[in-house]
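S.K.: A predicted structure for the sequence below; I have some questions about it.
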Amino acid sequence: MADKPDSYSGFNEYNPLLDTDSLKYDNDLQQAVLKTSHGRRAPPTGQPGTATQKGGFFSKMKNVFSRQKNAGPPPGTSSGRLGTASRAAQQNSLLGAPPGTATRRLQTGAVGQKRPTTAVQGAGFMASGSSGGATTASGPTQFEKKEETSEDKVRKMEKTVIDLVGESCLANEKNDTKLALEKAEEAMRSEKNLTRYREEQNLGEADMSLAGFVVLHCANMYSKCGMNSEALNQYNTLLKNKLLPIPSRLRINIGNVYLHSKQYAKALKMYRMALDQIPEQNADLKFKVRENIAATHILMGQYAEAAQAYESIMQERPNYRSGLNLLLCYHALSQRDKTRRVFTDLLKIPFLSSDEDYQSTVDKDDKQANLVLEATRDDRLRQFERKRRRFAEHVIVTAAKIVGNNSDGDFVGGYEWCIEQVRNSSYLELASGLEIQKAIAYLRENNFSKAISTLKEFEKAEAKLASAAATNLSFLYFLEKDLNNAHKYADLALKTDKFNPASLTNKGNCCFAQQDYDKARYYYEEALNIDAGSVEALHNLVLTLMKSNQYQRVKDLLHKYETIQPANAQVFCLMGDVLQQTNDSEHAKSWYLQALSKYRTDGHLHRRIGEIVDMQGDKSDAIQYYFDAFRHNPCDIQTLEWLASYYIETQYPEKAVEFCAQAALVKPGEIKWHLMVASCYRRTGDYTAALEKYKWIHIHFPEDIDCIKFLVKISTDLGLPERETYENELKKANKMNEIKLQRQTSADKSRSIVQGRKVSHADHDVSHFKNDDYRQTSGRKRTPIDLSNTEGVFSQQEPISIQPFVDQFSQDMTDERPKTAIRRKELNKALFDDNDDATELLP
């Protein structure tokens, strides 16, 4: 028979909110009440014949909940009706009560008779005695602060230490190691003060667990910040004083510190001591320590010992990381058979199921199962599974690369063996990926045809593989500058998978190479919309927008780029270039300095900063940056040009000779640098060296008129007999220059006529052109221009050599110029100014 419900249940339950006895000991509540208007109220002063009221707010609350049922009216107020004035005064004089309403007036009836209870009793007032003197409930008028004991102070200090350690942990979680270390050190100082205070107050022994906890955390922070010596001191303190009952874990941490300090022998010793102290129940930790021992052997170059350690681990608990390390050990020992055996052992590890496998096992009609699948599609457990699956795929593919390239030079046979083994295992879906890796191996061997043929086999494969193969083919054709095929396979990859960011990036690269910047920008933006972390698309989009002069958007993208890769100096250089283009030289200089802090020996960065400083007018700092640029990169022609011009402007040609000569070595085919060297010699007064340099220039550049002019001038100044020879050569050079100009003019006219003439007037234009040419040559027959072969006539990529043409003239024509309508000039007159300035020869 079921129990009957209790009708009176719940009536005796006590609500702790109604407990007012403990309110006076609540310091927080007292402080809060003191800040109110009631707490700021002045206490009442005592009167003769009455007791001072000391009850406050809490005393009244206590009276409310614990009043007596037959309590009289409260003191200090009128307890009866007011009588006449004479009667009230007489009563006051007889009883000695103070005048006013605080006195108790006699009630109607016999003297001393109590007035009947009224509704005033419900307010919590107490009945007064029969005597005329009124009494009040005793209690404190203000909150009395409880005196803090030594134990309370110790508890506060312990709380402070724990809070500091918590703040340090939060800062470490935010990667603010500096703040985390400061808080950890402060916590350790506070803990030492706590221990000292305990000893002074004789409060017993200190809490060893708290001290060990603080020291351990501080040691971990020292290790995190790379302060290995300080971390070792703290760990040794923990071991020596036995502050924590976990010596094995402390020795593991000490071994890790030694490992980071590259003291591998000491690290190996600590790992083995920790392995001996770990109990058998903690098998996971023992396997971790054994893996650390094997990894230390690898760092020490002891691959045989490492392979032995990993073999025991793989026999007891096979895993991907240990298997890959074991395969690397055998690869280093050139044991190819054992390498293949380890690869087959890796394939025996169970492979995790993919998301498609989960979806295939769920019935589409089962709404509940579909809801659960949708809710767990991207939860933390599913993310962890995907991460493990990606790591497993990475290990298998990496192992296949090692085995394939370790087959006595026959990497094709090695990859074929790996692909066959993978197809016979549970990793079947990775076989196609290995085929693509084989194509990449062909690329490393510079065998583009084999790589392309291998990738073309995936054109009819499944969508994912076809897209990957087409993406690689597009990139290959782009490297070969075959933009048509690059476009073709980029479109094929997008047709197969339109959400492939790599294919979109390849398509944008092809458009960028064709200078179609609008389409390139569209494809790069689409790639970023799909994958916001695509660094290639982001970088190329920045370059595209810089071509379009959209500098404000470039700045925003570069800030995003810096967030993704904060240590990439290329981002700093791009930002500095953009700011330099927008005339913000000060900020550009700061960005270049950040890049220079990463690469101190980059001459181009020194030159860029020197350019900005020179624009700001600070020549002293600019010359220092340019000197550093010359020191790190002595072949930079722009640096040499600036340094040479600087010393010429400051009238130090003897120093400019060095940089001009260096520029002439860098670009020996440019005559201006050789002329600059000779000019600097001439300005320093070394005419002999200048004459020799001009002679050398005349031998290698015989058609240069400026060089002959300087030879004529120096020969005249020095009175050399070669002056007439150089004057004759100058005449010939002038005539050659006129003929060259005439041929150029005729070629321009011919080109304009060929391009703009009409078919109906073709013969008339040609005959008119021939007649004009006949008159200009004064009877000399001109060879007609071959329009099908205009190399050297219309194109001016290289200087046209006309020396053989001059040799056809007779001696009379070279000695005397034909008579024309142009006024004859004096033959022996110098064609240059004596006060020639070498700065005109500067580029």
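M.R.: Nice, thanks for sending it over.
S.K.: Now do the helix or strand containing residue 679: which elements does it pack against?
M.R.: Assignment of secondary structure by DSSP states H and E places residue 679 within helix 671-683. Under the contact definition 3 or more CB pairs under 8 Å, 6 or more residues apart in numbering; DSSP states H and E, helix 671-683 sits against helix 653-666, helix 687-700, helix 705-718. In short, each C-beta sits where N, CA and C put it, glycine included.
S.K.: mind listing the helices for the stretch 201-350 of the chain?
M.R.: Taking DSSP state H, counting those that start in this stretch to define them, one finds helices in the stretch 201-350 of the chain at 208-224, 228-241, 247-260, 264-277, 283-299, 303-316, 320-332, 336-347.
S.K.: Now the helix holding residue 679: average pLDDT?
M.R.: Here helix 671-683 scores 89 as its mean pLDDT.
S.K.: how close does the residue nearest the centre of the chain get to residue 510?
M.R.: Ranked by distance to the mean C-alpha position of the chain (CA atoms, centre = their mean), the top residue is residue 566 at 1.9 Å. Distance of residue 566 to residue 510, computed by CB to CB, to the nearest Å: 31 Å.
S.K.: And the helices of the stretch 201-350 of the chain: which comes nearest residue 695?
M.R.: Among those, the nearest to residue 695 by CB to CB is helix 320-332 (63.8 Å).
S.K.: Could I get the buried residue list for the closest one?
M.R.: Of all the residues in helix 320-332, those buried under the rule 16 or more other CB atoms under 10 Å are 320, 322-331.
S.K.: Report the mean per-residue pLDDT for it.
M.R.: Predicted confidence along helix 320-332 averages 93 (mean pLDDT).
S.K.: Three-state assignment for residue 471, please.
M.R.: Three-state secondary structure (criterion: DSSP: H, G, I helix; E, B strand; the rest coil) places residue 471 in helix.
S.K.: quick one on the thing from earlier: can you lay out the helices and strands packed on helix 671-683 as JSON lines showing distance to residue 444, mean pLDDT and mean neighbour count?
M.R.: Conversion of the helices and strands packed on helix 671-683 to JSON lines gives the following (distance: least, CB to CB, whole Å; pLDDT from 0 to 100; neighbours: other CB atoms under 10 Å):
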{"stretch": "helix 653-666", "distance to residue 444": "34", "mean pLDDT": "90", "mean neighbour count": "20"}
{"stretch": "helix 687-700", "distance to residue 444": "44", "mean pLDDT": "88", "mean neighbour count": "17"}
{"stretch": "helix 705-718", "distance to residue 444": "51", "mean pLDDT": "85", "mean neighbour count": "20"}
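S.K.: returning to what we had before: now the angle from the helix holding residue 679 to helix 653-666?
M.R.: With axes from the mean of the first three to the mean of the last three CA atoms, to 10 degrees as the criterion, the two stretches helix 671-683 and helix 653-666 enclose an angle of 160 degrees.
S.K.: ok so, going back, turn the helices and strands packed on helix 671-683 into CSV, including distance to residue 208.
M.R.: Listed next are those as CSV, based on distance: least, CB to CB, whole Å:
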stretch, distance to residue 208
helix 653-666, 72
helix 687-700, 86
helix 705-718, 91
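S.K.: To residue 517, which of these lies closest?
M.R.: Closest of those to residue 517 is helix 653-666, at 33.3 Å (criterion: CB to CB).
S.K.: For the closest one, list the C-alpha coordinates in CSV.
M.R.: These are the backbone C-alpha positions of helix 653-666, laid out as CSV (Å, rounded to 0.1, in the frame of the first residue of the first chain):
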residue,chain,number,x,y,z
PRO,A,653,85.7,63.5,-57.1
GLU,A,654,88.5,61.4,-55.8
LYS,A,655,86.0,59.5,-53.7
ALA,A,656,83.4,59.3,-56.5
VAL,A,657,86.0,57.5,-58.6
GLU,A,658,85.6,54.3,-56.5
PHE,A,659,81.9,54.1,-56.9
CYS,A,660,81.9,55.0,-60.6
ALA,A,661,84.6,52.3,-61.3
GLN,A,662,82.5,49.8,-59.3
ALA,A,663,79.4,50.7,-61.4
ALA,A,664,81.5,50.3,-64.6
LEU,A,665,82.4,46.8,-63.5
VAL,A,666,78.8,45.9,-62.8
